[in-house]
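**Q** Quick one, structure for this:
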Amino acid sequence: MLGGLFANLLTWRIGFYINVPIALVMLPIAVTKLPQTSRRAFKLELIPSLLSVAGSFLVVYGLVGNRYKVVSLVVGILLILVFVNTQRTAAQPLVPLRLFVSAQRSGAYLARFCFMMAMLPFWFLTSQAMQQFLGFSPLMAGIVFPTNHLKLHRRHAGS
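**A** Coordinates of the predicted model:
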């Protein structure tokens, strides 16, 4: 709803900054309220970090659709594969591959990935449809969307 209010009064681009004040409020709370964990030296390896960022960027860039989409996808996938290979031998991997050894955990990761891949476009397209086809303002779409979601949830929870 806050995003709808900002989009209605200012511009939709301001929605990208909503998390900044929330983070500024939550950071001091987290520092004071969360228990300390044991500290250990950590060395961030630059090459694997760059591989993961560049690979992810190129895959997304290729999926968005441009005239280099096939090249972007192929190079992005290759960079991600090289990143995964570097994680196998890294002393302190960014993504410990042991997390994927359990078939149950890997299945849960895959199910969550598929769920989010289905839901994110739904949330985006539903709010777009409310504005374009139903004539809602961004603010009204922001108010109505969670309200309808709660009604559907209550209806299914009661049955």
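
**Q** Every contact and neighbour count from this point should use C-alpha atoms.
**A** Will do.

**Q** Quick one: mean pLDDT for the longest helix seen in the chain?
**A** Counting residues, the longest helix found in the chain (DSSP state H) is helix 103-132. Computed over helix 103-132, the mean pLDDT rounds to 89.

**Q** now stretch 141-148
**A** 72.

**Q** Use 154 as the first number for this chain going forward.
**A** Okay, residue one is now 154; in that scheme the one you just asked about reads as stretch 294-301.

**Q** related to what we said a few turns ago, for the longest helix of the chain, name the packing helices and strands.
**A** For helix 256-285, the packing partners by 3 or more CA pairs under 8 Å, 6 or more residues apart in numbering; DSSP states H and E come out as helix 291-311.

**Q** Report how many residues lie close to the nearest residue to residue 235 once chain neighbours are set aside.
**A** If the residues on either side of it in the chain are set aside, residue 235 comes closest to residue 204, at 7.4 Å by CA to CA, 6 or more residues apart in numbering. Neighbour count for residue 204, taken as other CA atoms under 10 Å: 20.

**Q** thinking again about what came up before, tell me the buried residues in the longest helix of the chain?
**A** Using 16 or more other CA atoms under 10 Å as the test for burial, helix 256-285 gives 280, 281, 283, 284.

**Q** Just the element for the residue nearest to residue 235, please.
**A** helix 199-217 (DSSP states H and E).

**Q** what is the mean pLDDT for that helix?
**A** Per-residue pLDDT values across helix 199-217 average out to 93.
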